[in-house]
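Novice: have a look; sequence and predicted model below, questions after that.
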Amino acid sequence: MEKFISGTRINQGYYKSFQPNFINRDWEITNMDIISLLSKADRQLGRLDMYSEYVNIDLFIRMHIAKEATQSSKIEGTQTNMEDAFLNKDEIAIEKRDDWEEVQNYIQAMNEAVKMLHTLPFSSRLIKQTHKILLQGVRGTHKLPGEFRISQNWIGGATINDAVFIPPVHTSIAELMSDLELFANNELNQLPDLLKIAIIHYQFETIHPFLDGNGRVGRLLITLYLVNKGILKQPILYLSDFFEKNRMFYYDNLMRARTHNDLNQWLKFFLTGVIETAKKGVTTFDAILQLQKSLDIKIKGLGNRSADAKKVVDYLYTQPVIGVNRVEEIIQKSNVTAYKLLDSLEELEILKEISGAQRNKLYVFNEYLNLFKID
C-alpha cells in the first residue's frame, strides 16, 4: 500500500476536480499493523457470525438496520431517534416527517438490496437500484434517483470555489464505476475481502457518483459486499455507528488518502471499526439472550395473564414501540383487558409510556432498545 497513488487534480477552468486512479490492479500489503488488525477483524467477524445462530437473527437484523438507518442518516444531518423508526407516519410530528421518511427509505433500501443479491451481482446496477429506493419521495427526489450524476458536484463549502473536495467530472463516472465493479468481482485478485471493501468504500466516496445520497449508499455497500462474499451469512455488521462516533476521523482519513496517498491510515481506521463493531454485536447478542431469560421469569409472575404477556413481549422484539390497539389484536381481547396488561407490563418496567397522551398512548420496550445503544 506504500506505493499507492490516489490520483491527480485536473484543471477544469475555474476549479480543479480530483481524478482517482483505477483500483482494479494488483495490491501488495507490507504494513504489519494492517496485517495484525486484519487478523483481529477476521476473528471478531467469525465470532459475530457464529453468534447469529443462537438468537432470532431476523429480529436482530431488523433492529440493527433501524439503528444503521438512523446513524447513517444522522451523519448526513438527519435528526431521527431510533424509536422513531418504529412509529407510523401519522405518529411522527409533521416537522420530523421528512427525516423519518429518509430513515424508512434506508431500511427499505437495505432490505431490498440484500434480496437483490440473490439475482444480481455486486454491481453498478445493484448500486443504482439501491440509490433509487433510498431517494424515492424525499428531499433528494429531484437529484436523479437511481442515476449517476450528469453534472459536477462537490463536498463541503457553500460553492464549488470554497469546496473541501471536488470529485471527478461526470463524464468519467461510468469508467470509474466499471473499474470498481471489476475490482469487487475479480476472483483472481488475492487481496483479502475486508481490505477490498475498505478500498471500494474509499473509491466510491471519492467518485461520488450521485448528486445526493453518496454517503448512505457507500455505507450500505460495506454490509452488502460482506454478505455477497459469504463472509457474513446475514447482514449483521453495520459501521455507521462507528463512523458517526468518529465522524472527523472518518472524513479526515478518507481525505488524507486522497491528498497524501496515505491509504494505510484509512485501512487501519476501517479495520478498527470492523473489530469494535463486531465485538459490540457479540455483546448485544449476549445481552439479548440474558434479557429473554429475565423477562420470561418476570412474565410468569403475572399468573393467568402470563400467556398474553408472552405474546406481547414476543411481538415487541420485532416492533419495540406499541399501542393499545395492537395489543388488542395480539391477544384477541377487549380494549380494557389490553390496557390492564399494558399497565402491568409498565409496572414490571418492561414497557415505558412515551407519548404523554391521555388516549392512544404509546409504549416503548426500553430495555431492549437500549441494548442497541450500547456505547
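Specialist: Received, thanks.

Novice: hey, let's count contacts and neighbours off CA atoms from now on
Specialist: Will do.

Novice: shaky segments in this protein?
Specialist: Within the chain, the stretches falling below the threshold (pLDDT under 70) are 1, 55-57, 59-60, 68-69, 72-80, 138-141, 374-375.

Novice: show me it divided up by domain.
Specialist: According to automatic domain parsing, the chain comprises the domains 10-20+30-279, 301-371.

Novice: among these, which is nearest Glu2?
Specialist: The minimum distance between Glu2 and the domains of the chain falls on domain 10-20+30-279, with 7.5 Å, by C-alpha to C-alpha.

Novice: follow-up on the earlier one: reformat the domains of the chain as TSV; add mean neighbour count and distance to Lys3.
Specialist: What follows is the domains of the chain, written out as TSV (neighbours: other C-alpha atoms under 10 Å; distance: least, C-alpha to C-alpha, whole Å):
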stretch	mean neighbour count	distance to Lys3
domain 10-20+30-279	18	8
domain 301-371	16	43
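
Novice: so which of those domains gets nearest Leu295?
Specialist: Comparing those by their distance to Leu295 (C-alpha to C-alpha), the top pick is domain 301-371, with 7.9 Å.

Novice: SS state for Glu101?
Specialist: Three-state call for Glu101 (DSSP: H, G, I helix; E, B strand; the rest coil): helix.

Novice: ok, now how distant is it from Arg219?
Specialist: 18 Å (C-alpha to C-alpha, to the nearest Å).

Novice: can you map out the helices along the stretch 51-200 of the chain?
Specialist: 57-75, 97-116, 124-135, 173-184, 193-207 (DSSP state H, counting those that start in this stretch).

Novice: same list (those helices) but as a markdown table, adding distance to Pro320.
Specialist: Formatted as a markdown table, the entries for the helices of the stretch 51-200 of the chain read as follows, by distance: least, C-alpha to C-alpha, whole Å:
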| stretch | distance to Pro320 |
| --- | --- |
| helix 57-75 | 9 |
| helix 97-116 | 16 |
| helix 124-135 | 24 |
| helix 173-184 | 37 |
| helix 193-207 | 32 |
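
Novice: so which of these comes closest to Lys245?
Specialist: Lys245 lies closest, by C-alpha to C-alpha, to one member of the helices of the stretch 51-200 of the chain: helix 57-75, at 9.3 Å.

Novice: can I get the domains of the chain in JSON lines including distance to Asp286?
Specialist: Formatted as JSON lines, these follow (distance: least, C-alpha to C-alpha, whole Å):
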{"stretch": "domain 10-20+30-279", "distance to Asp286": "9"}
{"stretch": "domain 301-371", "distance to Asp286": "10"}
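
Novice: so which of the ones you listed gets nearest Ala287?
Specialist: When the domains of the chain are compared (using C-alpha to C-alpha), the closest one is domain 301-371, at 6.9 Å.

Novice: and that closest one, how far out from the chain's middle?
Specialist: Computed by C-alpha atoms, centre = their mean, to the nearest Å, the chain-centroid distance of domain 301-371 equals 28 Å.
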